[in-house]
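# quick one, what's the 3D model for this:
(2 chains)
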Amino acid sequence: MVLAPIVPSREQELRGLLASMNEGPGRVNPDNALIPFAKFENLHFARLLVLDDKTTGDMRVYGLRPKTYPLYLAFLGDIDGDEERFLEDLVKVAASGLRKIFACCEKFEPATEILSWMKERRKPSIANYVNWRGRTVRDVREEAMLQQAVEGYVQANYYLRKMSPREIHAKVRHFVDTEKAAERLRLSAKSPTPLGWWVRNLVHLLGLPLLVLILSPLIIVIAPFYIVRLRMLETTDPEVCPAVDQEYSEELSRAEDHYVTNQFSAMGSLKPGLLRLLTTIGVLSTVNYAARHIVRPGRLGRVRTIHFARWVFLDGTNRMIFCSNYDGSVESYMDDFINKTGFGLNAAFSNGIGYPRTNWLVLDGCADERKYVEYLRRHTLPTQVWYQAYPGLTSVDLERNWRIRKGVEASSLSDQELSEWVALL
Amino acid sequence: MSVFDYADVQGLVRFGYKKMTRASYALLRVKDPAMARAWLSSAPVTTAVEVRPPPATALQVALTAPGLEALGVPVSVLAEFSHEFRAGMAQESRSRQLGDVEANAPEYWLWGGPGRVPHLLVMFFGQPGPFATFVQTSQGPSWTDAFDPLELLETNDFGGVEPFGFTDGISQPEIDWNQSLKVPYTQFDYSNIVALGEFLLGYRNEYGKYTDRPLLDANDSTADLPAAEDIPGEKDLGRNGTYLVLRQLQQDVRLFWQFALQQSDGDPAQAEKLTAAMVGRNRAGDPLEPIQEQPIPGIQAKPGQKEQNRFTFEQDPSGSRCPFGAHIRRANPRNTDFPSRPRDGLAKLITMLGFGPNRFRDDLTSSVRFHRIVRRGREYGTRLTPEQALNPADSSNPECGLHFISLNANISRQFEFLQNAWINSTKFSGLTGESDPLLGNRVATPGCPVTSDFNVQSSARLQQRIAGMPQFIKVRGGAYFFMPGIRALRYLGQTPAAG
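Below is the predicted model:
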């Protein structure tokens, strides 16, 4: 994520530029003149948005004077491979467009070198979720083409209906081999993961448990005090969940549900105090760790509809932004969250000012559905530009296509596996 | 536990009034607010109290958000109704979610679209004998001065069969009137008993919480309103009321059966099989899933009637008996809070953390208990039987369809979710390229060029694909209404307090 304060007098110009990248609200032109997203073959999702936080006044419920923050422009992308390389490619392809956009931001002069300017404004996320680590845009596209080709083959050859799964598997494998030989299909081998990545991953894998281990005496001593204090705060922290302004809600809706996948961006201020800050860091570090090393591919707990998600601190640790790409409408997204992973949702978001009351950090909270929905909608930001590389494909579709590929590439499968594989076609 | 106050609830929440075979729905606009209020305050609205013998006629009333406004309900009160009710069904982004685009778009609706939004829905039910007189007397002398008619929706009794020829209305949630469910709870076995707060405002819902509704200060004008259960001292305008979703769905019966016949190479028996797969039941209403031995709470056939509802899809994880995309499987997946019953706390935790079952279709569908609706639809138009529709010598195709009615306390979580995430979704339950075989609009969306398939799964064989399904059902009108409790209705009939 690249983050830059907007020059107040140029906000409207910037909004105009962002709107010019769309065909209509919520529908980007992937080949737009400013940033032709479709040209980047390792870009899954991208978004540009103005971080217009309408909830900074909520500090008042703690008797604190609201801080004034600059209005930021945020530019986020979910990419394969190295971020630096991507930024270089970005500048190569879209220098003039980026220049126009960034010219509306502070400290960007006509002579500014775009790459280093962006690099200086990079904001690392504290937690990141990737639906399927290591699945590249190329994999997604190749596997989607495979699925299309196999589907076409199966539909065109009626006699396959009478065959057993084993016979169908052999036929499809043969078909795919032929198509590959004719270069109509391609299933690229995984590019080798750089050694540096493995080393960093190992350090990360061991790092957090090691840190917890080292700090464990301290944690044990602090825990009772922490729990008492947390319970105290949980009973006194004010809720701020008024019915969201109807016009605002409708503005958000205009950009939603144009595709089977949607974007979500929300921001807010953290509750004051060290305890809430430490809790946020602890919970999100755990989420990040689990997302990277523990969760099953394709799943975040029981939720199977999230492609990418990330949490980023803003203005030191005063504010937080959460961005995700998910399948279905916002209503079904909320449903998934509340009913399937409410505990995680509460732990991650209850440190934000005004969140519906939790108990023991993970209980209740979002189960007060009415308050939660208003809370969330109120903190949701309009996303001015949102790009997706493979519209129409849900994360479950991607998993199906991957399973089809895995079956095609397997020379021997058990009867059970064959039945399950044939059911995917 | 005290006996439930049925006298403050409009009867339609509890009864379908099946014996009253005549019904017509007047969609009105307020012409004279004072006279409209006067009519409301004295309208002989039928309550949910059970009387013996059952009444021969019934009257029900519901209002849209513009209708409440036209009656003089203050903006501050209106603002406490739910967002979706206030915005209305025909809002542009909502149309995308509901599938009301292209041929279904509100701009083509007979009513409910731009400039044609009703204020009031007045529903008359009756046995054929007293019906006409009942309509006359209920309207009373001030009717035409109080209201402008927008549309009169007539219904026709098809004998419990919807226009395509399938027995309808078999599955309804059992409302927990006496609030015996201890909400909130975790559900591991499918149950048909659903919290009262899912169907009436002012009571605890499946989350154990209260849904959006206006609460008013206690004063002289609100003295007769029920008190808010959760906030003592406030008066609850929503209590004992609910939201009513009305949609006029035009069904092309000839197209439906002719398409099935054509896909079955002209074999009527095969066409029956195909349409049963599309619905998930045969025409007589028997589900494709076997009736289970084990009882399901809240499901019990009436004495002398066949059990057609005691089943789930749990034993059919491959869709080989009832296709995943079948209408009844989309509309009510009959699942629970967990993909399978966890043996113990540890197994539950493992599932919660995402390390439970790992097959492709596991755990794809939301828990159904948060998405139930009470359906009170009625058929309209001239019936064309499947036999007539299949008869090559007969080419008639009279207009007919369903005035679909859904009652729910949370339009967005119940009706809209169901319509959007299940009925209309091309990605329901891991499917792709198909939406509801009956209701689907077959409209392509970016990246999903085909939405007109229907797949019939079978175990250890390739699924059979029906491609190029036409649109069988077209939306012709619709609106969201608030169907108040009796005391709330009388309150709305009062002269609005000055200031």
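
# now do the residue lying closest to B:Arg369 once chain neighbours are set aside, the pLDDT please.
The spatial neighbour of B:Arg369 that comes closest, neighbours along the chain excluded (Cβ to Cβ, 6 or more residues apart in numbering or on different chains), is B:Glu206 at 5.3 Å. C-beta coordinates here come from the backbone N, C-alpha and C atoms, glycine included. Per-residue pLDDT puts B:Glu206 at 95.

# got the contact list for A:Thr261?
A:His307, A:Asn325, A:Tyr326, A:Asp327, A:Gln388, A:Pro391, A:Leu393, A:Thr394 (Cβ atoms under 8 Å, 6 or more residues apart in numbering or on different chains).

# of those, just say which sits nearest to A:Ala4.
Within those, the smallest distance to A:Ala4 is 22.4 Å, found for A:Asn325 (Cβ to Cβ).

# so that closest one: helix, strand or coil?
strand (DSSP: H, G, I helix; E, B strand; the rest coil).

# ok, back up a step: the residue nearest to B:Arg369 reaches B:Phe199, doesn't it?
No. Counting by Cβ atoms under 8 Å, B:Phe199 is not a contact partner of B:Glu206; they are 10.7 Å apart.

# buried residues in the lowest-mean-pLDDT helix or strand in chain B?
For chain B, counting by mean pLDDT, DSSP states H and E, helix B:345-352 ranks last in confidence among helices and strands (a mean of 86). Within helix B:345-352, the residues that count as buried by 16 or more other Cβ atoms under 10 Å in any protein chain shown are B:Lys348, B:Thr351, B:Met352.

# with stretch A:288-302 instead?
Quick answer for stretch A:288-302 (16+ other Cβ under 10 Å): A:Asn288, A:Tyr289, A:Ala290, A:Ala291, A:Arg292, A:Val295, A:Gly298, A:Arg299, A:Leu300, A:Gly301, A:Arg302.

# mind putting the contacts of A:Thr261 into JSON lines with neighbour count and distance to B:Leu40?
Converted to JSON lines, the contacts of A:Thr261 look like this (neighbours: other Cβ atoms under 10 Å in any protein chain shown; distance: Cβ to Cβ, whole Å):
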{"residue": "A:His307", "neighbour count": "23", "distance to B:Leu40": "50"}
{"residue": "A:Asn325", "neighbour count": "22", "distance to B:Leu40": "48"}
{"residue": "A:Tyr326", "neighbour count": "23", "distance to B:Leu40": "44"}
{"residue": "A:Asp327", "neighbour count": "25", "distance to B:Leu40": "44"}
{"residue": "A:Gln388", "neighbour count": "24", "distance to B:Leu40": "50"}
{"residue": "A:Pro391", "neighbour count": "17", "distance to B:Leu40": "49"}
{"residue": "A:Leu393", "neighbour count": "26", "distance to B:Leu40": "51"}
{"residue": "A:Thr394", "neighbour count": "25", "distance to B:Leu40": "47"}
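
# about what we covered before: contacts for the least confident helix or strand of chain B?
If you take Cβ under 8 Å, 6+ apart as the criterion, helix B:345-352 is touched by A:Gly301, A:Arg302, A:Lys340, A:Thr341, A:Phe343, B:Phe338, B:Pro339, B:Ser340, B:Pro342, B:Gly356, B:Pro357.

# A:Phe337: what's it in contact with?
A:Val303, A:Leu345, A:Cys366.

# list just the nearest of those residues to B:Ala460.
Out of these, the member with the shortest distance to B:Ala460 (by Cβ to Cβ) is A:Val303, at 30.6 Å.

# and the spatially closest residue to the closest one that is not a sequence neighbour, how many neighbours?
Nearest residue to A:Val303, sequence neighbours excluded (Cβ to Cβ, 6+ apart): A:Asp336, at 5.0 Å. A:Asp336 has 24 neighbours, counted by other Cβ atoms under 10 Å in any protein chain shown.
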